[in-house]
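Student: prediction below, plus the sequence it came from.
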Amino acid sequence: MIVIEKAKEMQQYSESLRNRGKKVAFVPTMGYLHRGHLRLMEEGRKLGDCLVTSIYVNPTQFGPTEDLAKYPRDFEMDSRLCEGVGVDAIYFPSNDEMYPLHYQTYVDLQVVTQNLCGLSRPGHFRGVATVCAKLFNLVKPHVAVFGKKDFQQLVVIKRMVTDLNLDLEIVGLDTVREADGLAMSSRNIYLKPDERESALSLSRGLKKAKGMYDKGERDAAAIIDAVSRFIGGHPHAKIDYVNICDTTTMKDVARLDGESVMALAVRVGVARLIDNYVFGETLNV
């Protein structure tokens, strides 16, 4: 496994692979890797001849009051984990390499970013789309693998790739959970022991929504109300949003007549946690 820090070197590495007929698979991350990330890498290992991952805490997707400075980082641990799942190259750029002096170009989507995290984290998805577009141009993958836990992010990336005619396939994998059902996240490290039960209200709330749907409930407001009351009844949980949206447009729906997703964002202590469930699918909680 090699570590590449310079943009030109990353492009040259991937170009040499492509010239030899190798298929490049890519898993972008912000590091502090957990089992969910490794699952994406394992899938990437199957999908390509060469597996590249990036470790980069992207400043443009953090708001001014968010946890950029405190976001957990451990490159030595990440490197060991990457090597253990067969990563061939880690792209590990600096901020100056990604956003050099006088940088001024951004990717801004108009519809799918307007709800959910797009409302509560202004500018977040502009940063996500921009860094992913840059990484795709640097790594030149044939396929990139993302987790469905960040469902709106996955929709944003797929929309950008389609709209900009980017020549790669985007693959989304199901959320990986801890034994008690909590969706794996690098931010779970923020949770104090007495906040764990409140954190579990997200996955349990989704299970409640699934149960209502399976019994025939199709009124979005009724499901949202039940889940909101359930999560709100936990002492450390502060709801950011509980919404049911169309999976293509990410706009709110009144009835679950088409493919819909329940998306949650909840603050538990200092941790902002997200989770989701696409109605009609299996929920591994």
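Tutor: Thanks, I have it.
Student: for the rest of this, base every contact and every neighbour count on C-alpha atoms.
Tutor: Will do.
Student: from residue 80, how far out is residue 86?
Tutor: Separation of residue 86 from residue 80 (C-alpha to C-alpha, to the nearest Å): 10 Å.
Student: between these two, which one's more packed in?
Tutor: Under the criterion of other C-alpha atoms under 10 Å, the comparison of residue 86 against residue 80 puts residue 86 first, with 17 against 12.
Student: need the contact list for the more buried one.
Tutor: 1, 42, 45, 51 (C-alpha atoms under 8 Å, 6 or more residues apart in numbering).
Student: state the number of residues packed around residue 164.
Tutor: Residue 164 has 9 neighbouring residues, counting by other C-alpha under 10 Å.
Student: go on, residue 141?
Tutor: Neighbours of residue 141 under the rule other C-alpha under 10 Å: 25.
Student: likewise residue 237?
Tutor: One way to gauge burial is a neighbour count; for residue 237, by other C-alpha under 10 Å, it gives 23.
Student: please state the backbone phi and psi of the closest residue to it other than its chain neighbours?
Tutor: The shortest distance from residue 237 to any residue other than its chain neighbours is 4.8 Å, reached at residue 268 (C-alpha to C-alpha, 6 or more residues apart in numbering). The phi and psi values for residue 268, taken as degrees, to the nearest 10, are phi -120, psi 110.
Student: now swap in residue 3 and tell me
Tutor: Here residue 3 shows phi and psi, under degrees, to the nearest 10, equal to phi -120, psi 130.
Student: now it, nearest residue through space, not along the chain?
Tutor: In space, and not counting its chain neighbours, residue 3 is closest to residue 90: 4.8 Å by C-alpha to C-alpha, 6+ apart.
Student: okay, the one you found: pLDDT?
Tutor: According to the model's per-residue confidence, residue 90 sits at a pLDDT of 99.
Student: ok so it is a helix residue?
Tutor: No: checked against DSSP: H, G, I helix; E, B strand; the rest coil, residue 90 lies outside a helix; its state is strand.
Student: who's it bridged to?
Tutor: For residue 90, the beta-bridge partners are residue 3, residue 53 (DSSP bridges).
Student: so it touches residue 52, yeah?
Tutor: Yes: the pair formed by residue 90 and residue 52 meets the contact definition of C-alpha atoms under 8 Å, at 5.8 Å.
Student: of those two, which one has the most company?
Tutor: Regarding residue 90 and residue 52, a neighbour count based on other C-alpha under 10 Å identifies residue 52 as having more, with 29 against 24.
Student: for the host helix or strand of residue 80, which positions count as buried?
Tutor: Per DSSP states H and E, residue 80 falls inside helix 75-84. Along helix 75-84, the positions that meet the burial threshold by neighbour count (16 or more other C-alpha atoms under 10 Å) are 78-79, 81-82.
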